[in-house]
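**Q** requesting a structural model of the entry that follows:
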Amino acid sequence: MNERKRPSILRIIDSDYAAALALLLLVLFWLLFGMLSVLHLFDLQILRYLVIGLTAGSLMLLAWRCWLIRRIFTEGVETLGEIRQVWFYHERGQLVVTYIWEKRPVQKNSMIPKNNYTKTLQEGQQIPLMIDRRQPKRAFLRDLYLRK
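**A** I've put the predicted structure just below:
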């Protein structure tokens, strides 16, 4: 059996905006809780329930994104896409890529981090993508998630 490579959880957090945001919110919720607990500005019981609920939501989002991306890298279809547009603003960027799925063109917009790999991307360049068989509009840049 030819087992495909899957990105690590740390690589997913580093490359995926939603996963990174979930982790950031988790840390911010607990920092805020700690700060407000020390300052005694709010009823701690209500604040505790709020932070526990927000923690659960953040962890579920993070787990779902990691599961989804790893599933697509395991079960998905690899294809080539062509970069139509790529631009950056501070540490994040936007990538527009098109690819063919079942003889139809599909356009995918993705938020991407600014790093050594993504700074080399140029319009017109062919890049490998991992496509979700169940939802072909869902695609991930293979080399962004599997880079060393």
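**Q** quick check: closest non-adjacent residue to the spatially most central residue of the chain.
**A** Centroid-nearest residue in the chain, with C-alpha atoms, centre = their mean: Asp16, separated by 1.9 Å. Using C-beta to C-beta, 6 or more residues apart in numbering and skipping residues adjacent in sequence, the residue nearest Asp16 is Arg65, 5.7 Å away. Any C-beta I mention is one placed from the backbone N, CA and C, and that applies to glycine too.
**Q** now Leu144
**A** Ranked by C-beta to C-beta, 6+ apart and with sequence neighbours excluded, the top spatial neighbour of Leu144 is Ser15, at 5.1 Å.
**Q** can you pull out the strands in this structure?
**A** 77-89, 92-101, 104-113, 126-131, 139-141 (DSSP state E).
**Q** least confident secondary structure element in this protein?
**A** Ranked by mean pLDDT, DSSP states H and E, the weakest helix or strand in the chain is helix 17-39, scoring a mean of 90.
**Q** by how many degrees do that one and strand 92-101 diverge?
**A** Helix 17-39 and strand 92-101 are oriented at 150 degrees to each other (axes from the mean of the first three to the mean of the last three C-alpha atoms, to 10 degrees).
**Q** tell me what angle helix 17-39 forms with strand 104-113.
**A** Counting by the same axes, to 10 degrees, helix 17-39 lies at 30 degrees to strand 104-113.
**Q** gap between helix 17-39 and the chain center?
**A** Mean-position distance between helix 17-39 and its chain equals 19 Å (C-alpha atoms, centre = their mean, to the nearest Å).
**Q** with stretch 97-113 instead?
**A** Computed by C-alpha atoms, centre = their mean, the separation of stretch 97-113 from the middle of its chain amounts to 16 Å.
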